[in-house]
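Engineer: Below is the sequence, then the predicted model.
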Amino acid sequence: MKKIKDLPKNERPREKLLETEAQNLSDRELLAVILGKGTQNLDVLALSRKIVKLIDKDGIDFDINNLLEIEGIGTAKAALLSAAFEFVRRRVKPEGLRIKFPADVMPLIQHFADRTQEHFLVVSLNGANEVMNVRVVTVGLVNKIQVHPREVFADVIAERATAVILAHNHTGSSLEPSDEDIQSTKKLIEAGNILGIKVLDHIVFNKKGFLSLKDEGLLSDK
């Protein structure tokens, strides 16, 4: 893995941001710009990679104490990241982003489209269909992912969500869900019904677009 000093100048996160738009940078590159520099033992990109994994797992409501457990993150960097996320959170959706259609979740998950492995995501919602959190439940192989109901609903129950939207990225060009995707989603719907948590949809997405299993009629029992 190349370090920043080994990259051409126009491929370094800060320079890349100045020459193009922020949306063209990966999560890791954006965090590298925020952090500014790494540590004696960790390049800033390597450090950013560790933070991305944590935020993928915990969602936007990550615990600052968990940040402090990452090698290379001290109180200054942890405070900087926590403040930056809270600042954005207040302005992007101060009263909660309400989901009305499947496409409404795409701005929250689209940045996972360029991942080289499939990521299974859960968007938890309150009774008003407002987004409470977005988290990665599990990461699979290049083109296959397995998920268990307890992994999907454990944190959702803890935060008292009333509904979820499931999503996972396809690493190839096809958005066609597999039979396993459809059957596992139906099992999660059944589990959610038992728990009193409604599974509203399952979104399959990649760099080119997305597909809603509900809109395609793939979740009906008929």
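Structural biologist: Perfect, I can see it now.

Engineer: tally of neighbours for residue 139?
Structural biologist: 15 (other CB atoms under 10 Å). C-beta: built from backbone N, CA, C; applies to glycine.

Engineer: Please name the residues that touch it.
Structural biologist: Residue 139 makes contact with 56, 117, 118, 119, 120, 145, according to CB atoms under 8 Å, 6 or more residues apart in numbering.

Engineer: Now do it, the pLDDT please.
Structural biologist: pLDDT recorded at residue 139 is 90.

Engineer: Can you point out the buried residues in stretch 73-82?
Structural biologist: The neighbour-count check on stretch 73-82 (16 or more other CB atoms under 10 Å) flags 73, 77, 78, 81 as buried.

Engineer: Hmm, residue 67 and the third one touching each other?
Structural biologist: Yes - shown here, residue 78 and residue 67 form a contact pair, counting by CB atoms under 8 Å, at 4.2 Å.

Engineer: which outside residues touch the lowest-mean-pLDDT helix or strand in the chain?
Structural biologist: Ranked by mean pLDDT, DSSP states H and E, the helix or strand of the chain with the weakest confidence is helix 75-92, at a mean of 84. Taking contacts as CB under 8 Å, 6+ apart, the residues outside helix 75-92 that touch it are 31, 34, 35, 51, 60, 62, 64, 67, 68.

Engineer: Point out the least confident member of those residues, please.
Structural biologist: Among the contacts of helix 75-92, residue 60 carries the lowest pLDDT, at 73.

Engineer: residues contacting the residue nearest to residue 128 when sequence neighbours are not counted?
Structural biologist: In space, and not counting its chain neighbours, residue 128 is closest to residue 98: 6.5 Å by CB to CB, 6 or more residues apart in numbering. By CB under 8 Å, 6+ apart, the contact set of residue 98 is 104, 128, 129, 130, 131.

Engineer: Report whether the first one is found in a helix, as I expect.
Structural biologist: Looking back up the chat, that one is residue 104. Yes - Residue 104 sits within a helix when classified using DSSP: H, G, I helix; E, B strand; the rest coil.

Engineer: what bits of this structure have low per-residue confidence?
Structural biologist: 1-3, 90-96, 141-144, 221-222 (pLDDT under 70).

Engineer: all strands for it, in order.
Structural biologist: Secondary structure of the chain (DSSP state E): strands at 119-125, 131-139, 163-169, 198-205, 210-212.

Engineer: how about those, which one is nearest residue 10?
Structural biologist: Among the strands of the chain, strand 163-169 comes nearest to residue 10, with 27.3 Å by CB to CB.

Engineer: What residue spans form the domains of the chain?
Structural biologist: Annotated domains of the chain cover 4-92, 102-212 [automatic domain parsing].

Engineer: Could you tell me how many residues sit around residue 187?
Structural biologist: 12.

Engineer: Against residue 131, how distant is residue 79?
Structural biologist: Applying CB to CB, to the nearest Å, one obtains 25 Å for the distance of residue 79 from residue 131.

Engineer: before we move on, the earlier item: nearest approach to residue 39 belongs to which of the strands of the chain?
Structural biologist: Shortest distance between residue 39 and these, using CB to CB, is found for strand 131-139: 25.2 Å.

Engineer: partners of that closest one in the sheet?
Structural biologist: Strand pairing for strand 131-139, using DSSP bridges, gives strand 119-125 (antiparallel).

Engineer: contacts for the strand it pairs with?
Structural biologist: Against strand 119-125 from outside (CB under 8 Å, 6+ apart): 56, 99, 105, 108-109, 112, 131-140, 145, 147, 152, 155-156, 159, 161-169, 200.
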